[in-house]
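K.L.:
Below is the sequence, then the predicted model.
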Amino acid sequence: MVDDVNTIQINLSYSSCSSYKMSSPVSKIVRKVVKNEEEVAEELCSLIEKLSNESIKQRGSFTIGLSGGSMAKFVCNGIPSIQTEWGKWSLFFCDERLVPFTAEDSTYRLYRNGLVGKTPLKEEQFIAINPDLEVTAAAKDYEEKVRAKFPDCDWPKFDLLLLGMGPDGHTASLFPGHQLLKEDNVWIAAISDSPKPPPCRVTMTFPVINAARCCVFAMAGQGKADMVKRILGDGEELPTGMVKPVRGELIWILDEAAASKL
Ligand SMILES: O=C1O[C@H](COP(=O)(O)O)[C@@H](O)[C@H](O)[C@H]1O
């Protein structure tokens with residue numbers, strides 16, 4: 001379990017809304033290195049268990065944002081065994097590929113297949129995109145769905161966002177050098193020129209990500225080591241390095257291989 005996580009409550013407020021300033025420093029950063037991929041999943045899932053129970057105790061619900069790729073594997077393998085009040089969860093997507101739910105690369109599909117039937121979570125608890133819409137309409141529609149869960153907010157305050165990091169340093173569908181890195185008007189943005197296929201996606205914007213109570217990166221393997229060093233060691237301002245929760249906590253869970261160049 002992440003050593004310092006017990007102090008997380010210091011940063012929590014009871015509201016589900018947040019204000020946002022681009023330049024605010026991150027409140028707290030925790031870095032945890034474990035042995036291997038299996039331990040990354042265990043560490044991540046104990047953290048999810050702990051934060052879900054704290055959120056439910058304090059606010060009566062748990063709001064979590066999911067990412068695709070390797071994060072889905074960690075979560076789907078590990079969380080079926082945690083102890084939590086599953087009925088109080090709402091699951092959102094930090095980003096999603098605009099493909100049918102039957103497509104291999106649909107992130108919703110990964111989580112639905114991995115969690116519904118294997119946990120008490122029900123399909124209705126997933127706040128998913130409408131993949132039949134054109135990309136700008138899909139982003140607008142998804143923002144409306146998220147706003148309905150966070151009424152009257154400037155910026156929503158998710159209890160936990162699970163984020164990945166691509167080999168180019170992207171996170172969610174926020175890619176290096178892309179104009180969306182500066183987007184601070186909308187909660188959910190459309191991207192139709194993603195350098196990583198598929199080209200059309202919807203993504204949470206940085207003000208939403210950085211308003212969360214807690215953001216977590218979890219990764220394993222030598223393939224992540226160079227980029228981990230560039231972000232955490234050299235402090236490069238790539239999208240992953242721009243995740244700086246304003247009044248929240250930032251947690252990195254790495255295996256020894258991913259941390260090997262730090
Ligand atoms: O395309 C995406 O990639 C990132 C990173 O995935 P990973 O497999 O390299 O961990 C992921 O976080 C994002 O949700 C996804 O759309």
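P.N.:
Alright, I've got the coordinates. Being a predicted model, the structure only gives us computed values, none of them experimental.

K.L.:
Tell me which residues touch the closest residue to the ligand within the stretch 1-150 of the chain, please.
P.N.:
Relative to the ligand, the nearest point of the stretch 1-150 of the chain is Gly69 (2.2 Å; C-beta to the nearest ligand atom). C-beta here means a position set from N, CA and C on the backbone, and glycine is covered the same way. Neighbouring residues of Gly69 by C-beta atoms under 8 Å, 6 or more residues apart in numbering: Gly164, Gly166.

K.L.:
And it, how far from Ser173?
P.N.:
Separation of Gly69 from Ser173 (C-beta to C-beta, to the nearest Å) stands at 11 Å.

K.L.:
Sort out which residues of the lengthiest helix in the chain are buried, please.
P.N.:
Longest helix in the chain, counting residues (DSSP state H): helix 37-59. Residues of helix 37-59 classed as buried by neighbour count (16 or more other C-beta atoms under 10 Å): 37, 39-45, 47-56, 59.

K.L.:
ok, now stretch 198-211?
P.N.:
By neighbour count with 16+ other C-beta under 10 Å, stretch 198-211 contains the buried residues Cys200, Arg201, Val202, Thr203, Met204, Thr205, Phe206, Pro207, Val208, Ile209, Asn210, Ala211.

K.L.:
ok, for the fifth one, nearest residue in space, not its chain neighbours?
P.N.:
Okay, so that is Met204. Spatial nearest neighbour of Met204, chain neighbours left out: Cys94 (5.1 Å); criterion: C-beta to C-beta, 6 or more residues apart in numbering.

K.L.:
that older thread, near the ligand at all, the longest helix of the chain?
P.N.:
No - Helix 37-59 does not reach the ligand (C-beta under 6 Å from any ligand atom); its nearest approach is 11.4 Å.

K.L.:
gap between that helix and the chain center?
P.N.:
13 Å (C-alpha atoms, centre = their mean, to the nearest Å).

K.L.:
Ok, stretch 130-139 next?
P.N.:
Centre-to-centre, stretch 130-139 and its host chain are 20 Å apart (C-alpha atoms, centre = their mean).

K.L.:
residues in contact with it?
P.N.:
98-101, 106, 129, 141-142, 186, 188-192, 200-202.

K.L.:
if you set the cut-off to 7 Å instead, what comes out?
P.N.:
Applying C-beta atoms under 7 Å, 6 or more residues apart in numbering, the contact partners of stretch 130-139 are Leu98, Val99, Pro100, Phe101, Ile129, Asp141, Ile188, Ala189, Ala190, Ser192, Cys200, Val202.

K.L.:
Next: stretch 153-160.
P.N.:
Outside stretch 153-160, the residues within contact range by C-beta under 7 Å, 6+ apart are 15-20, 48, 51, 55, 62-65, 146, 150, 187, 207-208, 211-214, 216.

K.L.:
Pull the contacting residues for the nearest residue to Glu85 once chain neighbours are set aside.
P.N.:
Using C-beta to C-beta, 6+ apart and skipping residues adjacent in sequence, the residue nearest Glu85 is Ile56, 5.3 Å away. Going by C-beta under 7 Å, 6+ apart, Ile56 touches Phe62, Glu85, Lys88.

K.L.:
Of the residues you listed, which is the most crowded?
P.N.:
When neighbours are counted by other C-beta atoms under 10 Å, Phe62 leads the contacts of Ile56 with 23 neighbours.

K.L.:
quick one: that one and Asn53 touch, right?
P.N.:
No - contact between Phe62 and Asn53 fails when scored by C-beta atoms under 7 Å: they sit 8.3 Å apart.

K.L.:
Quick one: the helices in the stretch 101-250 of the chain, in order.
P.N.:
For the stretch 101-250 of the chain, the helices defined by DSSP state H, counting those that start in this stretch cover 107-115, 135-149, 206-209, 225-228.

K.L.:
Determine which stretch of these is the most buried.
P.N.:
Mean neighbour count (mean count of other C-beta atoms under 10 Å) peaks for helix 206-209 among the helices of the stretch 101-250 of the chain, with a mean of 25.

K.L.:
pLDDT on it, on average?
P.N.:
What helix 206-209 shows for mean pLDDT is 98.

K.L.:
go on, stretch 81-98?
P.N.:
98.
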